[in-house]
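Enquirer: I'd like to go over a predicted model; first the sequence, then the structure.
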Amino acid sequence: MKVFISGYGGGDTNSIGLYDLGNGGNERILLWKSNDDKDSNIEASSFLSIHENLLFGITEKQEGSSVHMFSTQDNTYQLLESSELKGDMLCHISYLPKNKILVGGCYGSGDVFSIEVGKDGFGKLLSHLTQKGDVQRQTRAHCVVSDQQERRLYSANIALDRVYFYNICKGNLIEDGYLQLDKGEGPRHIILYPELDLMYIITEYSNKIIIVDIGKEKSRIVQKISTLPKAFNGESYCSTLCITKDRRFLYGANRGANTIGVFKVGEDGLLEMIGNQECFGDWPRHIELLGDDDYIAIANQKSNEVAIAKRDKTTGLITDEVYRIEFPSPSFVQEKV
């Protein structure tokens, strides 16, 4: 099994790595090259999007944004192009292969965009929209998630407590309203359960998972549930969530409490907390299921490592069988398939 890890490591340390976990090891195997055949070093690539032989990274910075496009052959990734975009602190991207576009959300400026992806690099910037609200409040766009047909895009705005809806038309993003959540929720990440027309939203500020029925003409909230341990009374900020392929279990990460909330998913998609387990580190910024959902990978940003723990597939709980990969300030982990 091979996994990509990226984060805020920079300078002499590339912020993107590919690791081979075979034979109990964690050998870093990736060789990066730029177009002129020199080693490339992409700094602060806090999120990735991976599709077949293509890899997209970012450079998250205070002013402006950068996206990077790589292709691979025989474990050697060549940097095809880097492109500068407007929008500050780009934090989330997603490649949509049916539309052949890369979409992204900018935390610093509240912008979302779509840009063409060609065989050898980026094409035209098709859309660049700002999620606007009260002019006296900040706007902070975060994740961008599409439906399976790539006709609809959803984007969480942490500061405005909204989830924006966009129609995708020939790669262009056309705003089509938003879902307003209660003030102070801070929606951060989204996953979809398409078979039930449900959206799961994890909130950074209120530490909840909010379930929304998006199958009807008007979206409606059907459940809110805390991600935190019952006895916890300190500061914590949810980061992200993931769901098993069989839709039986869902996991949510708590930065501060440093736990992973474990939820059983009912036949109706509603959640029941069945555990709140340690993250094996400090500040779990990203979590992802690996293999045939046999493992959960936890990018612990402040302890500078990714913990990979075995799951009990019957109970959904995380076991103590853990191994670790050292990585500076990790913020993303995903299996290479």
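Expert: All right, it came through fine. Numbering: from 1, shown residues only.

Enquirer: from here on, just use CA atoms for contacts and neighbour counts.
Expert: OK.

Enquirer: could you count how many residues lie near the residue nearest to Lys98 when sequence neighbours are not counted?
Expert: Nearest-residue entry for Lys98: Glu150, 6.9 Å, with adjacent residues in sequence omitted and distances by C-alpha to C-alpha, 6 or more residues apart in numbering. Counted with other C-alpha atoms under 10 Å, the neighbours of Glu150 add up to 16.

Enquirer: the one 10 residues further on now?
Expert: Here the neighbour count serves as a burial measure; for Leu160 (other C-alpha under 10 Å) it reads 25.

Enquirer: run a quick neighbour tally on Lys336.
Expert: 17.

Enquirer: got it, and Lys224?
Expert: The number of residues packed near Lys224 is 16, by other C-alpha under 10 Å.

Enquirer: one more: Val262?
Expert: Neighbours of Val262 under the rule other C-alpha under 10 Å: 23.

Enquirer: how about Ser71?
Expert: Ser71 has 20 nearby residues by other C-alpha under 10 Å.

Enquirer: ok, Leu55 next?
Expert: Leu55, neighbours per other C-alpha under 10 Å, totals 18.

Enquirer: which residues are in contact with it?
Expert: Residues near Leu55 by C-alpha atoms under 8 Å, 6 or more residues apart in numbering: Leu48, Ser49, Met69, Phe70, Ser71.

Enquirer: any low-confidence regions in the chain?
Expert: 10-13, 23-41, 75, 134-136 (pLDDT under 70).

Enquirer: give me the neighbour count for the residue lying closest to Tyr166 once chain neighbours are set aside.
Expert: Leaving out its chain neighbours, the residue that sits closest to Tyr166 by C-alpha to C-alpha, 6+ apart is Glu175, at 4.4 Å. Using other C-alpha under 10 Å, Glu175 is surrounded by 16 other residues.

Enquirer: before we move on, the earlier item: a strand runs through the residue nearest to Lys98, doesn't it?
Expert: No - counting by DSSP: H, G, I helix; E, B strand; the rest coil, Glu150 is not found in a strand; it is coil.

Enquirer: still on that earlier bit, from the contacts of Leu55, which land in strands?
Expert: Judged by DSSP state E, the subset of the contacts of Leu55 located in strands is Leu48, Ser49, Met69, Phe70, Ser71.

Enquirer: most neighbours of all these, which one?
Expert: The residue in the ones in strands among the contacts of Leu55 with the most neighbours, by other C-alpha under 10 Å, is Leu48 (25 neighbours).

Enquirer: for beta bridges, what are the partners of it?
Expert: Beta-bridge partners for Leu48, by DSSP bridges, are Gly57.

Enquirer: so who does it touch?
Expert: Leu48 neighbours (C-alpha under 8 Å, 6+ apart): Ser6, Leu55, Phe56, Gly57, Ile58, His92, Ile93, Ser94, Phe332.

Enquirer: how about the first one, what does it touch?
Expert: Taking C-alpha under 8 Å, 6+ apart as the contact definition, Ser6 lies against Ser15, Ile16, Gly17, Ser45, Ser46, Phe47, Leu48, Pro330, Ser331, Phe332, Val333.

Enquirer: where's the residue nearest to the second one when sequence neighbours are not counted, which helix or strand?
Expert: In space, and not counting its chain neighbours, Ile16 is closest to Ser6: 4.3 Å by C-alpha to C-alpha, 6+ apart. Using DSSP states H and E, Ser6 sits in strand 2-7.

Enquirer: helix or strand right after that strand?
Expert: For strand 2-7, the succeeding helix or strand toward the C-terminus, using DSSP H and E, is strand 16-20.

Enquirer: in its sheet, what does that following strand sit against?
Expert: Take DSSP bridges as the rule and strand 16-20 pairs in its sheet with strand 2-7 (antiparallel), strand 27-28 (antiparallel).

Enquirer: the ones you listed into TSV, with extra columns for distance to Thr203?
Expert: Below are these laid out as TSV (distance: least, C-alpha to C-alpha, whole Å):
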stretch	distance to Thr203
strand 2-7	21
strand 27-28	33
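
Enquirer: among these, which comes closest to Arg285?
Expert: Smallest distance to Arg285 across these (C-alpha to C-alpha): 9.9 Å, for strand 2-7.

Enquirer: just the CA coordinates of that closest one, formatted as CSV?
Expert: Extracted in CSV, the C-alpha atoms of strand 2-7 (Å, rounded to 0.1, in the frame of the first residue of the first chain):
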residue,chain,number,x,y,z
LYS,A,2,1.2,3.5,-0.9
VAL,A,3,0.0,6.8,0.5
PHE,A,4,0.4,10.4,-0.3
ILE,A,5,1.1,12.8,2.5
SER,A,6,1.3,16.6,2.2
GLY,A,7,1.4,19.5,4.5
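
Enquirer: quick one: buried residues of that strand?
Expert: For strand 2-7, a neighbour-count test (16 or more other C-alpha atoms under 10 Å) marks Lys2, Val3, Phe4, Ile5, Ser6, Gly7 as buried.
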